[in-house]
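Fold the following, please.
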Amino acid sequence: MKKKKILTANLETGSVKIPVPEENENYVQPDLQKGNKDLTYFEKIQASEEFRIFESEFNSCVNNFKGELNDLVAKNGDGIIENMLGHVDQVFNKARNPIHLMDMMLCIRSYDDITYAHSMNVALICDIIGKWLKLSDDDLMVLVTAGLLHDIGKLKIPPEIIKKPGRLTNEEFALVQKHPGYGFDILRTKNLDSRIANAALQHHERYNGSGYPDKLTGIETDFFASIVAIADVYDAMTSNRSYRKGICPFDVLEQMEREKDNYEPEVLHKFINNTAESYVNNEVMLSNGERGRVILLNKNFLSRPLVAAGNNTYDLSKMRNLYIENII
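Below you'll find the predicted structure:
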């Protein structure tokens with residue numbers, strides 16, 4: 001598979017990278033349905049046969065994973081982890097490439113047991129990030145397992161609280177905040193790499209020390225837990241919930257970029273850069289109602305690119321009241 005060619009340009013905001021489409025490049029646009037110009041980018045994906053196959057595989061794997069995760073609480077994990085990792089591979093192999101996988105994951109969002117579907121999504125995003133970071137095969141396997149098991153402690157929380165559609169009470173939120181400790185207690189008794197239990201305990205810690213349960217700073221937090229934290233936040237914010245619609249990927253990337261002190265710098269930059277770069281040349285709907293196309297990434301504000309709309313070119317890094325409302 002050919003590598004994507006990158007051109008660079010200099011603007012007042014710094015150098016930018018421009019992916020140049022070419023035959024057989026890594027990213028392939030989803031199959032578009034002719035005559036459905038009013039559909040968004042993700043609605044077009046949902047309308048494709050390729051997505052229907054992916055969704056069926058995903059739901060089947062999550063159903064199997066649900067039983068295995070519950071078994072892991074009561075058993076020592078022998079053989080169960082290998083089965084779980086097999087499910088991740090099955091889903092991963094249904095996508096053309098990492099970004100195509102994340103796009104299709106954004107389209108599912110109808111699974112009732114959000115803990116299990118979310119854990120599968122986090123594992124898949126961890127797999128993508130791990131490959132971008134060029135981790136060894138052994139480390140990648142540990143990282144993906146950490147993503148799968150990061151929320152296992154939620155099995156100790158009453159399901160009516162986990163699935164509650166509205167805002168949690170202070171007492172309920174305090175109980176939910178105990179799930180990292182519960183997860184650590186479950187996993188430390190298993191024959192697993194210590195980084196997996198640490199990720200369960202620390203995935204809500206933040207690089208600047210503002211997280212929980214122990215307010216650890218970046219140097220005190222397990223590196224794999226820092227990766228899981230980014231995957232966890234991105235999936236949670238882009239997912240549909242009963243109380244809100246999933247947020248546009250560019251909005252999520254912008255919030256993560258604005259709150260960059262919360263996250264491990266190298267991992268965050270790699271994640272935002274590669275994710276945002278994948279949408280260069282995509283059509284978007286701007287908040288002012290104009291349709292445009294992402295043409296350049298701003299090096300110093302990756303989530304706010306340059307967008308060409310008709311005769312206008314908007315540098316969103318300089319126009320804070322204008323933003324990408326949807327990808328079309």
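
Which parts of the stretch 1-150 of the chain are strands?
5-11, 14-20 (DSSP state E, counting those that start in this stretch).

The stretch 201-328 of the chain too?
Remark: strands of the stretch 201-328 of the chain, listed N- to C-terminal, are 283-286, 291-298, 301-309, 312-315, 324-327; assignment by DSSP E, counting those that start in this stretch.

which strands and helices sit next to the last one?
Taking 3 or more Cβ pairs under 8 Å, 6 or more residues apart in numbering; DSSP states H and E as contact, the helices and strands that strand 324-327 lies on are helix 41-46, helix 249-258, strand 283-286. For the C-beta atoms, the positions are set from N, CA and C on the backbone; glycine is no exception.

what do you get if the cut-off is 6 Å, keeping everything else the same?
Contacting strand 324-327 under the criterion 3 or more Cβ pairs under 6 Å, 6 or more residues apart in numbering; DSSP states H and E are the following elements: strand 283-286.

One more: the first one?
Applying 3+ Cβ pairs under 6 Å, 6+ apart, one finds that strand 283-286 contacts strand 291-298, strand 324-327.

could those strands go into a markdown table alongside distance to residue 305 and mean neighbour count?
As requested, the helices and strands packed on strand 283-286 are arranged in a markdown table below (distance: least, Cβ to Cβ, whole Å; neighbours: other Cβ atoms under 10 Å):
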| stretch | distance to residue 305 | mean neighbour count |
| --- | --- | --- |
| strand 291-298 | 5 | 19 |
| strand 324-327 | 8 | 20 |
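
Pull the contacting residues for residue 301.
Remark: with contacts taken as Cβ atoms under 6 Å, 6 or more residues apart in numbering, residue 301 is in contact with residue 317.

who does it bridge with?
Using DSSP bridges, the beta-bridge partners of residue 301 come out as residue 298.

how close does it sit to residue 191?
45 Å (Cβ to Cβ, to the nearest Å).

Then residue 210?
33 Å.

Looking at these two, which has the bigger crowd around it?
Summary of the neighbour comparison: residue 210 and residue 191, criterion other Cβ atoms under 10 Å, with residue 210 having more neighbours (12 against 8).

Show the pLDDT at that one.
Reading off the per-residue confidence, residue 210 sits at a pLDDT of 97.

That one and residue 204: what is the separation?
From residue 210 over to residue 204 (counting by Cβ to Cβ), the distance is 10 Å.

cool, residue 154 as well?
If you go by Cβ to Cβ, the gap between residue 154 and residue 204 works out to 12 Å.

out of those two, which sits in the more crowded spot?
Neighbours were counted for residue 154 and for residue 204 using other Cβ under 10 Å; residue 154 has more, 22 against 19.

wouldn't that one be in contact with residue 115 here?
Yes. Using Cβ atoms under 6 Å as the test, residue 154 is close enough to residue 115 to be in contact (5.1 Å).

what residues are shared contacts of these two?
Common neighbours of residue 154 and residue 115, counting by Cβ under 6 Å, 6+ apart, are absent.

what pLDDT, on average, does stretch 130-141 get?
Confidence for stretch 130-141, expressed as mean pLDDT, is 97.

isn't residue 91 right up against residue 60?
No. Shown here, residue 91 and residue 60 do not form a contact pair, counting by Cβ under 6 Å, at 9.3 Å.

Could you name the helices and strands sitting against the lengthiest helix in the chain?
Ranked by residue count and defined by DSSP state H, the top helix of the chain is helix 49-74. For helix 49-74, the elements it packs on are helix 80-92, helix 98-108, helix 114-132, judged by 3+ Cβ pairs under 6 Å, 6+ apart.

that older thread, between residue 91 and residue 60, which one's more packed in?
Set residue 91 next to residue 60 and count neighbours by other Cβ under 10 Å: residue 91 wins out with 24 against 13.

Against residue 108, how distant is the more buried one?
Relative to residue 108, residue 91 is positioned 10 Å away (criterion: Cβ to Cβ).

again, but for residue 307
From residue 307 over to residue 108 the distance is 28 Å, taken as Cβ to Cβ.
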